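[1] Let's see this in three dimensions:
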Amino acid sequence: MILQGAAIPNLIIEVMGIMICTFALITIWYDDSTGFTSTKKYMTVAFGSMLLYNICLLLLELSQAAAAVPWRTGVVLVAFGTYLFPMISAYVVSVFVVSQSAYPPDRLGRLLLALRMLLIINIFGLFAAQLLGKLIIVDPAGRFTYGSAGEIGFVGTTAFMVIDLVILIRYGQNMTSRQRNAFIAYLSLPIAGVFLRQFWDGVYIAAFATCLSMMIMLSLIQKGQSDQKRQQEKDNEQLKVDLMLSQIQPHFLFNVLYVIQEICLVDAETASNAIADFSRYLRHNMDSLSINRPIPFSEELEHVKHYVSLQQLRFGDALDVRYELDCTDFELPTLTMQPLVENAIRYGVRKSKYGEGTVIIRSQEFPDHYEIHVIDDGPGFVPDQMPDDGMSHTGIINVRQRLGRISGGDLRIISGPDKGTDAAIILPKQ
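    Numbering: from 1, shown residues only. All right, here's what the predicted structure looks like:
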């Protein structure tokens, strides 16, 4: 095996490229800052393709240094990989750039389809050029040269990078400065590598520049996501504080204690049951502050029943609560149903004309989601306008945030003057 000319610097570049891509893949899967599924998926394919690209370059360099290569088909396949893998990597990065941009959602599907079709067309073009003997030519000794279509083979990769640049300029306004810098580095360094290649004939400087640019892009994206994760943790802590404050209802606590005091004078057993409900209610509220995962619906329902029992001690027959449970075998974030029941009683039943009414708690299962409805027959309100009653109404805000953050769910409120209120929790099954 004889290494001469550009072979030695190429081998160094290829080994460095393999090391960079391997390090990037390890970082992607073992660094907490890349805990976002979409980034892992895109970057794994992108760097995996570049790793295979550098391996193909290394095998080609070694094959050309050998005295003879008997397996000519292998040389063709490896050389073909030097076109295919960079194109796949460029395509994946393009999809990632689009997903991070402010490209109009109503046109996003068409753009992604166009990118996919461009990839397919270019792959078929490479196969066609090879079948015509215009892409990679291998002599009987296993020496290869790029044919007349050699430069055309990189058109697809270049096209994806041009698309990235256009998207970045036109729709990159919602990206952070770190994201923009990452993508600019990804686009500019390979261009610089192509320019510098003119001064080092036969040296794969563009390949090294591409790997280096992707490593810079990954590091900047990781830093941005790490900052985002820290901010999310701060927001979560603030959400816990808000949740705790929203659950401390002095008037409710005082009223319950006063009712229990009155019952103690006439019915010790009922008073004892009320104290048990009250303690379980408080215990669930306090335990919920440390729970950041979904809990069984039955647990949240039990908490609601303790709360309802305490309210019925105060209001008696004026409060009618009915349970229509078609399904119970699912999970939801803690303290998401009880605040809705509380609102239904406070703003629905108690605000009705005679201070009495009905609250219906209903659970339903659908093919792709579960629904929990808390329905009251009170005076209703305009959902976009919070009642002007001097209350903060943070309970609804906390419920919506916890549903979205923990279960990917949503809260939908349907109401209107004199039409009652239907507060629906939507929980996707996946």
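
[2] switch to C-alpha atoms for all contacts and neighbour counts from now on
    Fine.

[3] Now do the helices in the protein.
    7-30, 37-65, 72-100, 105-131, 155-171, 177-196, 205-247, 250-264, 268-288, 297-315, 338-343, 394-402 (DSSP state H).

[4] ok, and for the last one, which residues are buried?
    Counting neighbours by 16 or more other CA atoms under 10 Å, one finds that the buried residues in helix 394-402 are G395, I396, N398, V399, R400, Q401, R402.

[5] do the second one as well
    Residues of helix 37-65 classed as buried under the neighbour-count rule (16+ other CA under 10 Å) are 39, 42-65.

[6] Determine the set of other helices and strands touching that helix.
    helix 7-30, helix 72-100, helix 205-247 (3 or more CA pairs under 8 Å, 6 or more residues apart in numbering; DSSP states H and E).

[7] and the last one, average pLDDT?
    When the per-residue pLDDT values of helix 205-247 are averaged, the result is 67.

[8] Please apply the same query to stretch 380-395.
    64.

[9] got a pLDDT number for I120?
    pLDDT, I120: 93.

[10] In terms of residue numbering, what are the domains of the chain?
    7-235, 248-428 (automatic domain parsing).

[11] Give me the nearest residue to Q64, chain neighbours excluded.
    R143 (6.1 Å; CA to CA, 6 or more residues apart in numbering).

[12] Let me know the pLDDT of that neighbour.
    In this prediction, R143 carries a pLDDT score of 74.

[13] Quick check: it vs S99, distance?
    Taking CA to CA, to the nearest Å as the measure, R143 and S99 are separated by 42 Å.

[14] So for these two, which residue has more residues nearby?
    R143 (18 against 14; other CA atoms under 10 Å).

[15] The more buried one and L62 touch, don't they?
    No: at 11.0 Å, R143 does not count as touching L62 under the criterion of CA atoms under 8 Å.

[16] Tell me which residues touch V75, please.
    By CA atoms under 8 Å, 6 or more residues apart in numbering, the contact list for V75 reads L60, S63, V138, G142, F144.

[17] hmm, 6 Å instead?
    The contact partners of V75, by CA atoms under 6 Å, 6 or more residues apart in numbering, come to none.

[18] Likewise for N174?
    Per CA under 6 Å, 6+ apart, neighbours of N174: A102.

[19] which phi and psi does it have?
    phi -90, psi 0 (degrees, to the nearest 10).

[20] isn't G357 right next to V349, touching?
    Yes: using CA atoms under 6 Å, G357 is in contact with V349, at 4.8 Å.

[21] And these two? Which one has more around it.
    V349 (24 against 21).

[22] okay, now the nearest residue to V399 once chain neighbours are set aside: neighbour count?
    Nearest residue to V399, sequence neighbours excluded (CA to CA, 6+ apart): T336, at 5.0 Å. Using other CA under 10 Å, T336 is surrounded by 20 other residues.

[23] What separation is there between T336 and G404?
    From T336 to G404 the distance is 11 Å (CA to CA).

[24] And for A114?
    32 Å.

[25] Which of those two has more residues huddled nearby?
    Using other CA under 10 Å as the criterion, A114 and G404 rank with G404 on top: 16 against 12.

[26] pLDDT weak spots in the stretch 51-200 of the chain?
    Applying pLDDT under 70 to the stretch 51-200 of the chain picks out residues 65-70, 141-142, 191, 193-200.

[27] mind redoing it with 90?
    By pLDDT under 90, the weakly predicted segments of the stretch 51-200 of the chain are 51, 53-54, 56-83, 86-87, 89-90, 93-110, 125-200.

[28] quick revisit: same list as before, the buried residues of helix 394-402 that is, but in JSON lines and with distance to D106 included.
    Shown next, in JSON lines, are the buried residues of helix 394-402 (distance: CA to CA, whole Å):
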{"residue": "G395", "distance to D106": "34"}
{"residue": "I396", "distance to D106": "30"}
{"residue": "N398", "distance to D106": "30"}
{"residue": "V399", "distance to D106": "29"}
{"residue": "R400", "distance to D106": "26"}
{"residue": "Q401", "distance to D106": "26"}
{"residue": "R402", "distance to D106": "28"}
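
[29] Would you mind checking which of those is nearest to R293?
    Closest approach to R293 among these (CA to CA): R402, at 9.7 Å.

[30] Mind listing the residues bridging to I375?
    I360, D422 (DSSP bridges).

[31] please begin residue numbering at 20 from this point
    Shifting the count to begin at 20 puts that one at I394.

[32] quick revisit: any idea how far the residue nearest to Q83 is from F66?
    29 Å.

[33] now swap in G439 and tell me
    Taking CA to CA, one finds G439 at 56 Å from F66.

[34] And G423, by the same measure?
    32 Å.

[35] what's the answer for M38, then?
    On the measure of CA to CA, M38 and F66 end up 11 Å apart.

[36] Run a quick neighbour tally on the spatially closest residue to H322 that is not a sequence neighbour.
    Spatial nearest neighbour of H322, excluding adjacent residues (CA to CA, 6+ apart): Y300 at 6.1 Å. For Y300, the neighbour count with other CA under 10 Å is 18.

[37] tell me the pLDDT at Y300?
    For Y300, pLDDT reads 80.

[38] Against L354, how distant is it?
    Y300 is 11 Å from L354, by CA to CA.

[39] Please apply the same query to P315.
    12 Å.

[40] Neighbour count for those two, which is higher?
    Of the pair P315 and L354, L354 is the one with more neighbours under other CA under 10 Å, namely 24 against 14.

[41] what are the phi and psi angles of the more buried one?
    According to degrees, to the nearest 10, L354 has phi 60, psi 40.

[42] swap in G374?
    phi 70, psi 30.

[43] mind listing what the residue nearest to it when sequence neighbours are not counted touches?
    Counting by CA to CA, 6+ apart, G374 lies nearest to V368, which is 5.9 Å off, once chain neighbours are set aside. By CA under 6 Å, 6+ apart, V368 lies in contact with G374, E375, G376, G397.

[44] How many residues are close by R135?
    Residues near R135, counting by other CA under 10 Å: 14.

[45] Please tell me how far the residue lying closest to it once chain neighbours are set aside sits from L184.
    Distances taken as CA to CA, 6+ apart put Y110 closest to R135, at 7.9 Å, once the chain neighbours are dropped. Y110 is 13 Å from L184, where distance means CA to CA.
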